[in-house]
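Engineer: need a structure here:
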Amino acid sequence: MSSGITNTTKRRRPDVHAANPQPDAPMVAIPRDKIERRAYERFIERGGADGADVDDWLAAERELLTSRSVQS
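Structural biologist: Model prediction:
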């Protein structure tokens with residue numbers, strides 16, 4: 001009988017994160033350290049409150065993707 005607990009091992013994120021916000025747009029590679037830096041800045045801007053790390057990461061990624069598409 002199974003206890004219902006699954007093995008939740010963490011997967012390593014690659015050093016470069018590729019994202020494609022629009023299906024017809026070319027793939028854009030954003031260095032992981034840039035996303036980390038911006039996500040940390042967002043964390044500090046929020047007052048350092050825990051619990052929104054994924055939201056900070058995704059928002060940082062979106063910001064960087066948007067700024068890259070505007071620069072192109």
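Engineer: wait, is residue 29 part of a strand?
Structural biologist: Yes. Read with DSSP: H, G, I helix; E, B strand; the rest coil, residue 29 is one of the residues of a strand.
Engineer: I'd like the distance between it and residue 68.
Structural biologist: Distance, residue 29 to residue 68, using C-beta to C-beta, to the nearest Å: 10 Å. In short, each C-beta sits where N, CA and C put it, glycine included.
Engineer: do the same with residue 43
Structural biologist: Per C-beta to C-beta, residue 43 is found 22 Å from residue 68.
Engineer: neighbour count winner among the two?
Structural biologist: Each of residue 43 and residue 68 has its neighbours counted (other C-beta atoms under 10 Å); residue 43 has more, 18 against 12.
Engineer: wait, that one touches residue 56, no?
Structural biologist: Yes. Here residue 43 reaches residue 56: they are 5.3 Å apart, a contact under C-beta atoms under 8 Å.
Engineer: longest helix of the chain, counting residues only.
Structural biologist: helix 53-71 (DSSP state H).
Engineer: and whichever helix or strand residue 34 is part of with helix 53-71, angle?
Structural biologist: Residue 34 is located in helix 32-45, with elements delineated by DSSP states H and E. Using axes from the mean of the first three to the mean of the last three C-alpha atoms, to 10 degrees, the inter-axis angle of helix 32-45 relative to helix 53-71 is 120 degrees.
Engineer: restricting to C-alpha, output helix 32-45 in CSV.
Structural biologist: Extracted in CSV, the C-alpha atoms of helix 32-45 (Å, rounded to 0.1, in the frame of the first residue of the first chain):
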residue,chain,number,x,y,z
ARG,A,32,20.0,32.9,-15.4
ASP,A,33,22.1,35.4,-13.4
LYS,A,34,20.2,38.3,-14.9
ILE,A,35,16.8,36.8,-14.0
GLU,A,36,18.1,36.0,-10.5
ARG,A,37,19.4,39.5,-10.0
ARG,A,38,16.1,41.1,-11.1
ALA,A,39,14.0,38.6,-9.1
TYR,A,40,16.1,39.5,-6.0
GLU,A,41,15.5,43.2,-6.7
ARG,A,42,11.8,42.6,-6.8
PHE,A,43,12.0,40.7,-3.5
ILE,A,44,13.8,43.7,-1.9
GLU,A,45,11.2,46.1,-3.4
